[in-house]
Every structure is written in structure tokens, then in C-alpha cells.
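# have a look at this prediction, sequence included:
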Amino acid sequence: MKKIILLIVIGIIACTGSSFAQYLVVGTYTNNNSTSEGIYIYDFDKTNGSLSKVSVAATVNPSYQVVAPDQKNIYSVNETDSGKISAFGFNKKTGALSLHNTVSSMGDNPCYLELDKSGKWLFCSNYSSGSFCIYPVLPNGSLGALSQFVKHEGSGPDTSRQQSPHVHSTTISPDNKFLFVCDLGTDKIVTYPFNAKTGKVDEAHAFYTTTAPGAGPRHMIISKNGKFVYNITEMGGTVSAYRLSNGKLQLLQTADALKAEKGKAAGADIHLSPDGNFLYVSQRSNSTIEIFKVNRNDGEITFVGSQSTNGNFPRNFTIDPSGSYLLAANQKSDNVTIFKINKATGLLTPTGADVKVGIPVSLKWIAR
């Protein structure tokens, strides 16, 4: 009996020790004299937050990725004029990617991907064309024939940035019934009813939430309990908190902690800590991560502080699944920097470690 108990304890310790063992997927730009070859896979050591390169898959401008729920497949945009989407299989044993197929994004400069909760439908945002498309995910992980294409109309007050729609992200609701589309060009978050059986949104019954004129909504994140939504605006650099109910967004507050000049590609990415206690946003105009304390009862946020990313132009960042580390992809300094998170205060401490990679702009996790 003692031997059996000992084996169980050892097993629990082993499982606990490996529960946050992760690969890091790094998407990049391969143009503009970049040294990057495509998508990089790194092994992440959670004991010290260090990264070691495992593999690379050559592909053009893989600037954003999404990982399938079963983590056997990765989907990447190829951000070019007449954009494309590439589907890759992922081998967890070797950490290698293998191309399944490539399809058209049905627009120019695709910049964001999202999977529905079933993992059967892929949404792709085309920034320059102001459109998005939906593809089915086939059983082998490849992408099937186009399910739907939606084109936005309209403009915004900033004539230099908002002459036309610019779809910057698509986010599925926790109940899989609504698709939220951030349109930087029209200052709207458009809500589409979504049918997971047909893989189509209901354009006729879409409704929208307007942001401040010229703010440019970019990315959003939904709380785990599905009650609150947080949106980062690119041109304003502001963060807005909303109450979410049946697809409708009710504005609670807008926080503005940015001290840099407005309207110059300020706000970028946004994430909640795994425990939901803190909200983090990246600001490219001054290369910082802003930190907010979240009131989980009413959804409102309080500014805590900011941390330099020790790089230039943090387009994307990520928090490891254990909530212990934050990693920032610095587009203009060709490095991914690593910070330790104080889970009590939310504040960040640089580890001093970084990884050099050409124009990193997307970071995603895969469990080992």
C-alpha cells in the first residue's frame, strides 16, 4: 500500500511539474530586409523563463497565428496584398510544423485569426480590405472551401487612417453565438449572430457599438466568466471596459493612461492574467506594457503602472499559462523580451533575458 501511495504522489508531482511545459509560437514579418524565415517554435523553460529554438517553418509574412483547441494544428495569416491563410500540422514530439494547405484570405493584408469554440470554423480579418472571411476546418486540420465572406462599409473622422473600413480582429463569444469584429476604420465593434452549424454569421441582424471618434478599436478580450469585455484602441491608446449581455456591449468606463502623443499607432494588444485579476495592454508609441487592476465584481479597471518592454514597438505580447511570465514581441528591435509577473501586484520585473528574432509580431502557446 505504501508503495502504491508513493507512486501516486510521484505521478502527481510529475504531472504538476509538466502542466505548464510549453512551446512558444513566434510569428514574424519576413519582408523589409527581415532576417526571419517564417514561424519559429521555441521551448519555454518555466523555471527561469528562458527560450530555446526548436524549429522554423518557412512562410511569407506569418504575422498572426491561432492554435487549434486540440493543439495539433496551427493556422497563420500570410500578410500580403492578396493575402493568404496557411494551415499547418504540429508535431508535439519534434516541435516541427508541416504545411497542410494554403487558401486565399479573400482580401488584402490579413492580420488576425480566430477559431470558434468547436474549432471547426476559422475567421480571418483583412485589414486593408475592411473584410473578414470564414473557412471550415476539415478533420485532417486543413482548410476547406470558403463558407462566407463579409465586407464592411463606411469611414471615420481621421482622413489619414480611416478613409475606409479596416477590420482588425474577430473575437468569438464564450457561448459561441456571437462574433465581435473590431473595425478600426469605422470606429465600430460590430456584433454578428453566429451559427456554428452552418459556419455563417447573420449579416441582416448584426448590430454595433461605437467607440470614440478617431479612436480605432483594435483588439478585445473577454473575461472568463463572460460578463465583461475589454477593448484597446489603436489610435487613441485607450482601454474601454464593457458589460456583456446576449452579445450587447454596455460601456462601463474608458481608461486613458497613455502619456505619449495620440494617433500614432499607440494601442496594440490586450490580455487578462489567467486569474483574471489584472489586465495588460501594449502601447507601441512609447514601447510599454500598461497594467490595470481588475474589479472582478463590476468589471472596472484601475491603472497600476507601466513597464518598458526593453525593446521597440511591442505589437504583440503574451502571458504564459501559469501566469508567471509575460513575453513581449518588439517589432522594431527584433527581440522577444521576458518579464516575471508579481501575481499579487500585477507588476512586471525584467528577467534580463531576451531572444533575437527578425521582426517578431505574434506570440502563442502550445502545451508540451
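That came through, no problem. Numbers count the residues shown, from 1 in each chain.
# ok, which stretches of the stretch 51-200 of the chain are strands?
Remark: strands assigned in the stretch 51-200 of the chain by DSSP state E, counting those that start in this stretch are 65-67, 73-78, 84-91, 96-104, 110-115, 121-126, 131-136, 148-151, 167-172, 178-183, 188-195, 200-201.
# among these, which comes closest to residue 25?
Of all the strands of the stretch 51-200 of the chain, strand 65-67 sits nearest to residue 25, with 5.5 Å by CB to CB. No exception for glycine: its C-beta is placed from N, CA and C like everyone else's.
# mind giving me the packing neighbours of that closest one?
strand 22-28, strand 73-78, strand 110-115, strand 360-367 (3 or more CB pairs under 8 Å, 6 or more residues apart in numbering; DSSP states H and E).
# which strands or helices does the longest one pack on?
This means strand 360-367. Short answer (3+ CB pairs under 8 Å, 6+ apart): strand 360-367 packs on strand 22-28, strand 65-67, strand 314-319, strand 325-330, strand 335-341.
# any weak-confidence spans in this protein?
1-19, 259-265 (pLDDT under 70).
# what number of residues lie near residue 176?
14 (other CB atoms under 10 Å).
# can you pull the contacts of it?
Taking CB atoms under 8 Å, 6 or more residues apart in numbering as the contact definition, residue 176 lies against 116, 117, 118, 194, 196.
# what's it sitting at in phi/psi?
phi 70, psi 20 (degrees, to the nearest 10).
# buried stuff in stretch 133-142?
Of all the residues in stretch 133-142, those buried under the rule 16 or more other CB atoms under 10 Å are 133, 134, 135, 137, 141, 142.
# the nearest residue to residue 198 once chain neighbours are set aside and residue 116, how far apart?
Distances taken as CB to CB, 6 or more residues apart in numbering put residue 147 closest to residue 198, at 7.7 Å, once the chain neighbours are dropped. Separation of residue 147 from residue 116 (CB to CB, to the nearest Å): 11 Å.
# what about those two, which has more around it?
Neighbour comparison, residue 147 and residue 116: the larger count goes to residue 116, with 21 against 16 (by other CB under 10 Å).
# would you confirm that the more buried one contacts residue 123?
Yes: with contact defined as CB atoms under 8 Å, residue 116 counts as touching residue 123 (7.5 Å).
# what do the two both touch?
residue 172.
# how far away from the center of its chain is stretch 361-368?
Offset of stretch 361-368 from its chain centre (CA atoms, centre = their mean, to the nearest Å): 10 Å.
# what does stretch 185-204 give?
Distance of stretch 185-204 from the chain centroid (CA atoms, centre = their mean) equals 19 Å.
# pull out the buried residues from that stretch.
So, applying 16+ other CB under 10 Å, buried residues of stretch 185-204: 185-194, 199-201.
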